[in-house]
Every structure is written in C-alpha cells, then in structure tokens.
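Engineer: Quick one, structure for this:
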Amino acid sequence: MVVLALVPSLFTAGALTAWFFTQGNHLFLPGVWMLCYGAGVVTGGAFSMRVVPVMGMCFMVLGTAALFAPVSWLAWLLAIGFGGLHILFGLLIARRYGG
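Structural biologist: Numbering: from 1, shown residues only. The predicted structure is shown next:
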C-alpha cells in the first residue's frame with residue numbers, strides 16, 4: 001500500500017523533471033522534487049507512524065520555499081531537505097519508536 005501511495009508522486013516528479021529540462025526551466029526542479037517527494041511521503045505515511053507525514057509536510061514547506069528562493073539557496077535547501085530532514089526524522093524515529 002505504501003508503494004501505491006508513493007509512486008504517483010514520484011512519477012509526477014519524473015515527468016515534470018523531463019518537461020522542465022526540455023523547456024530550460026531547470027531552476028524549478030529543487031522545489032518540484034521536494035514538493036512531490038513530500039506529497040508522496042505524506043500519503044505513504046498514512047500507513048505508518050504519525051511522524052512520517054509530518055516529515056512529508058516539512059519537505060513540502062521546503063519545496064515551496066525553494067520555488068521562491070534565490071538561486072544561490074537551492075543547493076542548500078536540497079541539502080537541508082534530502083539530507084537534514086532524513087537524518088533528523090531518522091534519529092527521531094529511532095529514538096521514539098525503536099528504529
């Protein structure tokens with residue numbers, strides 16, 4: 001069930017990535033990636049512990065920020081999202097839920 005909830009968001013991210021590249025709008029990709037991934041985590045997290053959808057919402061907030069952020073911030077926002085949020089929530093899940 002989790003895979004079925006996550007796949008549509010990841011497919012959408014892939015399709016939008018291809019489209020943005022063909023249009024030369026690659027600067028939107030960090031925001032699109034984090035928004036789509038966050039949406040998938042929120043829906044997939046419905047079958048998991050309560051903290052997982054919260055992580056997805058955090059990705060969506062960062063993705064929205066990335067759409068409006070200066071270009072020089074995009075790599076940092078991706079690092080905070082895909083690096084920092086995974087580490088932070090991984091530690092939280094390990095500590096609270098035993099892994």
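Engineer: Show the contacting residues for the closest residue to Gly99 other than its chain neighbours.
Structural biologist: Nearest in space to Gly99, with sequence neighbours left out and distances taken as C-beta to C-beta, 6 or more residues apart in numbering, is Ile93 at 7.1 Å. C-beta here means a position set from N, CA and C on the backbone, and glycine is covered the same way. The contact partners of Ile93, by C-beta atoms under 8 Å, 6 or more residues apart in numbering, come to 49, 51-52, 99.
Engineer: What distance do you get for Ile93 to Leu27?
Structural biologist: 33 Å (C-beta to C-beta, to the nearest Å).
Engineer: The spatially closest residue to Leu85 that is not a sequence neighbour: how many residues sit nearby?
Structural biologist: Nearest residue to Leu85 in three dimensions, chain neighbours excluded: Cys58, at 5.5 Å (C-beta to C-beta, 6+ apart). Using other C-beta atoms under 10 Å, the number of residues around Cys58 comes to 20.
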